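Trainee: Generate coordinates for the sequence data below:
(2 chains)
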Amino acid sequence: MSKELVDLVVDMREEEAVKLAEKLLKEGAEPLGLLDDCREALGIIGDRFAAGECFVPELILAGEMLRQIGALVKPKLEASGGATQEKIGRIVFGTVEGDIHDIAKDIVVFMLDINGFDVMDLGVDVPAANFVEAVKEFKPQVVGLSGFLTLAYDPMKNTVQALKDAGLRDSVKVMIGGGQMDDNVAAYAKADAYGKDAMAAVTLSKGWVGAK
Amino acid sequence: MPKPENFDKLTPDEKRQARLEAWINHEGLEFTDPEAEKGYKERAQLFADVFQMKKPKRLPVAIATGFYPFLYAGYSCKDAMYDTDKLGKAMKKFHEDFMPDAAASAGLYVPGKVLEILDYKLYHWPGHGVPENTSYQCAEAEFMKPDEYRTYLDDPTDYFIRTYMPRVFGALEPWQELPPFTNLLELPFIPWGMLSFGLPHIQETLKKLMEAGQLSLEFAGKVAEIDNDIITSLGLVKYQGGFSKVPYDVIADTMRGTRAIMLDTFRKRKEILEASERNIPFMTKMPYGAYTWGAPPTVFFPLHKGADGFMSPKDFKELYWPSFKAVMLNLIEDGMIPFLFVEGSYNQRLDIITDPDIPAGSTIWYFDKTDMAEVRKHLQGWACFSGNFPSSLLAAGTVDQVKEEVKKLIDTCAGDGGYYVVNGAVLDEAKAENLHAYVDTVKEYGVY
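Mentor: Predicted coordinates for the structure are as follows:
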């Protein structure tokens, strides 16, 4: 464990954080330990985000730091045979049909992943049928529908309906989020909940899979 | 009423007053009948009153429209951008049937053909990257690379001509080979500056520009015809005049994209500040392109990358606000009225935007999802405000819910004036009966 690395990531000191990770690896630090440090830092950043003390740019830079440190660690992990983090649940996620907005979706997927979920990201402009296929194949506990536009209301509704028609609706919880979504739309689309941001998605999902 | 001869000598307040009066007195408009003219004057007066924070006779009501008018008329979103007859019919039907006080302009639904000729890459539009029944959507990319801030700062116009435009318009890609126009200094240099225009692939770009120009000109004529018909036959007012952008958003939306600009706030803070400042004169000039005397003196700014969550209040104050404020003050000085559309929410910004340097009664703030009780607390008596009727309710609610919400919103906001009603997000999807209930309830209930 390197408290220094955790602090550098939390303080958004990108260059120093990556350099320190490099140095620690050279000195023979446990690669998985470094990833644990990053995860701890991300946990703190996520809590700060939920409390309104940090914002989307911090989440994006944190993701960027994790990506860089992950790239340093990966060859060492592969060499040592590696071990993967145990997942607490499965989620199918995507931006609904007709909507091509990906930034918020990517952040939510990233935060879900960091918080221990195995996320199948279907991308943007995803037809209802693709959600149905993914649910059949991946057997998630949660489906996340993202959308930015008022024009996403009906595709959200249609996607939930398609899950129902395929007999899959009772097997999953459905959450929606994005620009013009709110509780009115969640009710309209017959989703289980609306989440206002990435951490709300994490909290909802953890609640549904019974994780802390 | 013509422009006063001593206009340049007037104070900013007097200039604004003169511009508003010219607008109310509809310089240059000919109405189809006296009833329409009367309706226009009454409505323009309602808006002019609230813009100046007075109590209007009744609250004016507007509908911020996306592609709803076309879906309502039974057309597709693609029709709006590819068929000006359908564009005109849908806009007329929408305004005639719902009769909001403000007229939306057909000019928002730009010809897809022009975008195709230019091979425009910053947006996808119906039938071109997104389905035919979806609105146009921004497909951000790093059209300016992270190491190009310095080149941009050196000469933004040259950067646009030889770097940005060749990237964002596929048809103008060869322009990256052009020499800078500032080379054309003296006689010996002229042919060397001109010779690129003799090359066939550069000449091809000029043909495309002429083609796009021709179609754009025809479109502009058609838009004027459609808009004027709605205004002069129905007596509705156009209340959004020119257009500009926040200097920071020019970099964030147009050139770098959301992800990149967010990383730049850590990695290139100084460059963002310099580039925002560099954009001040350009964004001050932009709205005058569309302004003629008698047109609405408002300048519409869609505010994007400074929203709650997109940056900290500290960054908003340091990175977003100073150059934005400078553009507003330039316009206010000239009697123009910055009309700020706050997309997303500004719950954490209300203290910052109510800046004492901005004179009372000189701006209009239109909110999407900000808490309106807080807005009133901060803005009433300082600036006109509006917005945040939930567009989701117009699409997903019932008539009774809509009526109730309109009344609740008016009770929360109307107070002593300086307020009008409009939905928060531009409307693509709605139930017609909800939209009728929305407009009619404001007209009935919104009386002082």
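Trainee: so what's the residue in the stretch 151-300 of chain B that chain A sits nearest to closest to, chain neighbours aside?
Mentor: Here the residue of the stretch 151-300 of chain B nearest chain A is residue B:262; by C-beta to the nearest C-beta that distance is 3.8 Å. To be clear about C-beta, it is placed using only N, CA and C from the backbone, and glycine gets the same treatment. Among residues not flanking residue B:262 along the chain, residue A:57 sits closest, at 3.8 Å (C-beta to C-beta, 6 or more residues apart in numbering or on different chains).
Trainee: quick one: low-confidence ranges for the chain?
Mentor: All of this refers to chain A. A:80-85 (pLDDT under 70).
Trainee: Break it down into its structural domains.
Mentor: Per the record, chain A has its domains at A:3-79, A:89-209, by automatic domain parsing.
Trainee: Let me see the ranges of the helices in chain A.
Mentor: Taking DSSP state H to define them, one finds helices in chain A at A:3-10, A:14-26, A:31-50, A:56-79, A:103-114, A:128-138, A:153-165, A:183-189, A:198-209.
Trainee: how about the residues of chain A that lie near chain B?
Mentor: For chain A, the residues in contact with chain B (C-beta under 8 Å from any C-beta of the partner chain) are A:12, A:14, A:52, A:54-57, A:60-61, A:64, A:97-101, A:103, A:125, A:148-151, A:153-154, A:179-182, A:184-185, A:187-188, A:197.
Trainee: Pull out the buried members of those residues.
Mentor: With burial judged by 16 or more other C-beta atoms under 10 Å in any protein chain shown, the buried subset of the residues of chain A next to chain B is A:12, A:14, A:54-57, A:60-61, A:64, A:97-101, A:103, A:125, A:148-151, A:153-154, A:179-182, A:184-185, A:188, A:197.
Trainee: Please give me every residue in contact with the closest residue to chain B within chain A.
Mentor: Taking C-beta to the nearest C-beta, chain B has its nearest neighbour within chain A at residue A:188, 3.4 Å off. Residue A:188 makes contact with A:153, A:156-157, B:392, B:395-396 under the criterion C-beta atoms under 8 Å, 6 or more residues apart in numbering or on different chains.
Trainee: okay, among these, which ones form the most distant pair?
Mentor: Farthest apart among the contacts of residue A:188 by C-beta to C-beta are A:157 and B:392. That separation is 12.1 Å.
Trainee: Counting neighbours, go ahead and name the busier of the two.
Mentor: For residue A:157 versus residue B:392, neighbours defined as other C-beta atoms under 10 Å in any protein chain shown are more numerous around residue B:392 (24 against 20).
Trainee: secondary structure element for that one?
Mentor: helix B:391-396 (DSSP states H and E).
Trainee: what about that helix and chain A, any contact?
Mentor: Yes - counting by C-beta under 8 Å from any C-beta, chain A has neighbours in helix B:391-396: B:391-393, B:395-396.
Trainee: between these, which is nearest residue B:247?
Mentor: Using C-beta to C-beta, the residues of helix B:391-396 next to chain A come closest to residue B:247 at residue B:391, 28.2 Å.
Trainee: What is the neighbour count of that closest one?
Mentor: Counted with other C-beta under 10 Å, the neighbours of residue B:391 add up to 28.
Trainee: Pretty sure it sits against residue B:431.
Mentor: No - in this structure, residue B:391 is not within contact of residue B:431 by C-beta atoms under 8 Å, at 11.7 Å.
Trainee: separation between residue B:378 and chain A?
Mentor: 18 Å (C-beta to the nearest C-beta, to the nearest Å).
Trainee: Give me the pLDDT for that residue.
Mentor: Residue B:378 is assigned a predicted lDDT (pLDDT) of 97.
Trainee: hey, which strand is longest across chain A?
Mentor: Ranked by residue count and defined by DSSP state E, the top strand of chain A is strand A:89-95.
Trainee: Run the angle between that one and helix A:153-165 for me.
Mentor: Going by axes from the mean of the first three to the mean of the last three C-alpha atoms, to 10 degrees, strand A:89-95 is angled at 140 degrees with respect to helix A:153-165.
Trainee: Let me know whether residue B:280 touches residue B:323 as I believe.
Mentor: Yes - counting by C-beta under 8 Å, residue B:323 is a contact partner of residue B:280 at 5.4 Å.
Trainee: Comparing those two, which residue is more hemmed in?
Mentor: Set side by side, residue B:280 and residue B:323 show more neighbours around residue B:323, with 23 against 18, by other C-beta under 10 Å.
Trainee: Could I get the contacting residues of that one?
Mentor: By C-beta under 8 Å, 6+ apart, the residues touching residue B:323 are B:246-248, B:276-277, B:279-280.
Trainee: Wasn't it part of a helix?
Mentor: Yes - Residue B:323 forms part of a helix when assessed by DSSP: H, G, I helix; E, B strand; the rest coil.
Trainee: show me the contacts for residue B:16.
Mentor: Contacts of residue B:16 (C-beta under 8 Å, 6+ apart): B:297, B:332, B:335-337, B:362.
Trainee: Please name the bridge partners of residue A:146.
Mentor: On the basis of DSSP bridges, residue A:146 is bridged to residue A:95, residue A:177.
Trainee: hang on, it packs against residue A:108?
Mentor: Yes - Residue A:146 lies in contact with residue A:108 (C-beta under 8 Å); the separation is 6.8 Å.
Trainee: one step back: the longest strand of chain A packs against which elements?
Mentor: helix A:103-114, strand A:117-121, helix A:128-138, strand A:142-146, helix A:198-209 (3 or more C-beta pairs under 8 Å, 6 or more residues apart in numbering or on different chains; DSSP states H and E).
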